[in-house]
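J.: got a structure for you, letters missing:
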RNA sequence: GUGGGCGUAGCUCAGUUGGCAGAGUGCAGGAUUGUGAUUCCUGUUGUCGCGGGUUCGACCCCCGUCGCUCACCCCA
């Protein structure tokens, strides 16, 4: 058993038992996004390493130690995408969707980060990404949150998530604040733990988010980012919160909310839950106006978010709010030499008559008993029986597996009509 | 990268101060020569994660290793 090849650590199979839930969630997501006029964009999973280094930030953990990077045959360094924003923006710039245009886009697919797996954190994980370009005003910030609000409600998860909100200001404003913050923490460095001392040089804003209770006091007395924001940033943030209030979306301002990626500015947000242990962030995002200029040299506006699908599914597994599709509605049992071909032919006629009918034909053989067991296990509503007796009499037998309707013998045409009335 | 817990049948898990490897479930067959889900009977599944050591003897003790899992870090 140990010799058989296993999946790569942190990369999981979604088994048939789980796929109906995934499909239901995916359908709900498409429904909500299309209600707001968003278009799907499909992007490569591999990009040039340089793209991620330049957009995410050279000194972030993702770039420093979590990327799946390898050399192509021509010696060029390539990387399995650790997130979607950079690739989406790259594609949009490359194909002239930017700048000076507005777009509302979404994508869905696997991302890769070489981290130690734990609950809600995997090396391959599926993200839904939503990105919008060309809209500087606070209304698009609010629209993204409205989309999520609507999605939570459709999924029956509204009570399980909380919206936290903050503004990081512009890159320039944050740089000034960052300097002040580093100075402050340096003068209090004897009160910092090892992790925080390390962050002082990598990502000092992260210290504010520390889980160490010993740091509560130092953090509480630290300079507050909001005081360093310019008039424009403050007005933008106020407008966003005002819109949310009037649209009836509950939120909490979290002045210590700091996104991990370098490119964020102004509005940032996280939807968090208490139910997933340490990985409580299910959906997060923010504005990244500066990244467009960074990658293209031209100014622009962008805001988006990403949602972790495995985390969403983990939340959903405790619920029972979605109607899941059955893989099989009707199961056809064939018994006896004379019944094999006629059973198969009838199945095709039935599929012609009801194209979306989910009809499975038993080909495993076996006794009546075992075929009925499989019919029952398939979850089908009805079993169709084609046996030698039926063939001799020119009929098809139909038996309900979910109630006490009993069994009936019908001609082919009657049987087709019977199922048409039920499923067409 | 660091630390804790756990690896026994397809699945969920018992097990013994070191002495023939178990149950439930699933699967197959039968009771019912053509009828599932309930009931009863019978049968079936193992390199006890892998490698080494100690021992007359190791699923059990020791060392190493791999995997899973949870937490730190970080993030969706």
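T.: Yep, it's here. The shown structure was predicted, so the numbers you read here are calculated from the model rather than taken from an experiment.
J.: Residue A:26 falls within a helix, correct?
T.: Yes - the assignment for residue A:26 (DSSP: H, G, I helix; E, B strand; the rest coil) places it in a helix.
J.: And for it, the neighbour number?
T.: Neighbourhood size, residue A:26 [other Cβ atoms under 10 Å]: 15. Quick note: C-beta positions are derived from backbone N, CA and C, even for glycine.
J.: list the contacts for it?
T.: Listed by Cβ atoms under 8 Å, 6 or more residues apart in numbering, the contact partners of residue A:26 are residue A:108.
J.: Strands along the stretch 1-150 of chain A, start to end?
T.: A:39-40, A:46-48, A:68-71, A:77-80, A:103-112, A:124-133 (DSSP state E, counting those that start in this stretch).
J.: CSV please, covering the ones you listed and showing distance to RNA strand B, mean pLDDT and mean neighbour count.
T.: Formatted as CSV, the strands of the stretch 1-150 of chain A follow (distance: least, Cβ to the nearest atom of the strand, whole Å; pLDDT from 0 to 100; neighbours: other Cβ atoms under 10 Å):
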stretch, distance to RNA strand B, mean pLDDT, mean neighbour count
strand A:39-40, 19, 98, 10
strand A:46-48, 16, 96, 16
strand A:68-71, 13, 92, 13
strand A:77-80, 13, 95, 18
strand A:103-112, 7, 97, 19
strand A:124-133, 4, 96, 22
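J.: Output those strands in CSV; the columns should cover distance to residue A:302.
T.: What follows is those, written out as CSV (distance: least, Cβ to Cβ, whole Å):
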stretch, distance to residue A:302
strand A:39-40, 15
strand A:46-48, 17
strand A:68-71, 25
strand A:77-80, 21
strand A:103-112, 9
strand A:124-133, 5
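J.: just for the stretch 101-250 of chain A, where's the confidence low?
T.: Scanning the stretch 101-250 of chain A for pLDDT under 70 picks out no residues.
J.: For it, what lies in contact range of RNA strand B?
T.: A:113, A:115-122, A:125, A:127, A:195, A:199, A:203, A:206, A:210-212 (Cβ under 7 Å from any atom of the strand).
J.: got a list of what the spatially most central residue of chain A touches?
T.: In chain A, the centroid-proximal residue (Cα atoms, centre = their mean) is residue A:309; its distance is 3.2 Å. Contact partners of residue A:309, counting by Cβ under 8 Å, 6+ apart, are A:22, A:25, A:108, A:125, A:126, A:127, A:128.
J.: bridging residues for the fourth one?
T.: The partner list for residue A:125 in beta bridges (DSSP bridges) reads residue A:111.
J.: my guess is it contacts residue A:308, does it?
T.: Yes - at 6.1 Å, residue A:125 counts as touching residue A:308 under the criterion of Cβ atoms under 8 Å.
J.: Report the contact partners of residue A:15.
T.: So residue A:15 contacts nothing (Cβ under 8 Å, 6+ apart).
J.: swap that for residue A:156, please
T.: By Cβ under 8 Å, 6+ apart, the neighbours of residue A:156 are A:319, A:321, A:322.
J.: so who does the residue of the stretch 101-250 of chain A found nearest RNA strand B touch?
T.: Closest residue of the stretch 101-250 of chain A to RNA strand B, Cβ to the nearest atom of the strand: residue A:119 (2.9 Å). The contact partners of residue A:119, taken as Cβ under 8 Å, 6+ apart, are A:276, A:277, A:278, A:279, A:314.
J.: gap between it and residue A:277?
T.: As judged by Cβ to Cβ, to the nearest Å, residue A:119 and residue A:277 stand 5 Å apart.
J.: related to what we said a few turns ago, derive a ChimeraX selection command for the buried subset of the residues of the stretch 101-250 of chain A next to RNA strand B.
T.: Here is the ChimeraX command that picks out the buried ones among those, judged by 16 or more other Cβ atoms under 10 Å:
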select /A:113,115,120,121,122,125,127,199,203,206,210
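J.: Per-residue confidence, the residue nearest to the centre of chain A, what does it come out as?
T.: pLDDT recorded at residue A:309 is 95.
J.: Identify, from the contacts of residue A:119, the entry nearest to residue A:34.
T.: Proximity of these to residue A:34 (Cβ to Cβ) peaks at residue A:314, which lies at 25.5 Å.
J.: Isn't residue A:347 up against residue A:362?
T.: No - the criterion here is Cβ under 8 Å, and residue A:347 misses it with residue A:362 at 10.1 Å.
J.: which neighbours do the two share?
T.: residue A:332.
J.: any idea how far residue A:329 lies from residue A:268?
T.: On the measure of Cβ to Cβ, residue A:329 and residue A:268 end up 46 Å apart.
J.: Residue A:231 too?
T.: Counting by Cβ to Cβ, the gap from residue A:231 to residue A:268 is 19 Å.
J.: Need the nearest residue in space to residue A:33, chain neighbours excluded.
T.: Leaving aside its sequence neighbours, residue A:33 sits nearest to residue A:106 (Cβ to Cβ, 6 or more residues apart in numbering; 5.3 Å).
J.: Could you list everything the one you found pairs with in the sheet?
T.: residue A:40, residue A:130.
J.: any idea of the mean pLDDT for stretch A:323-332?
T.: Stretch A:323-332 comes out at a mean pLDDT of 90.
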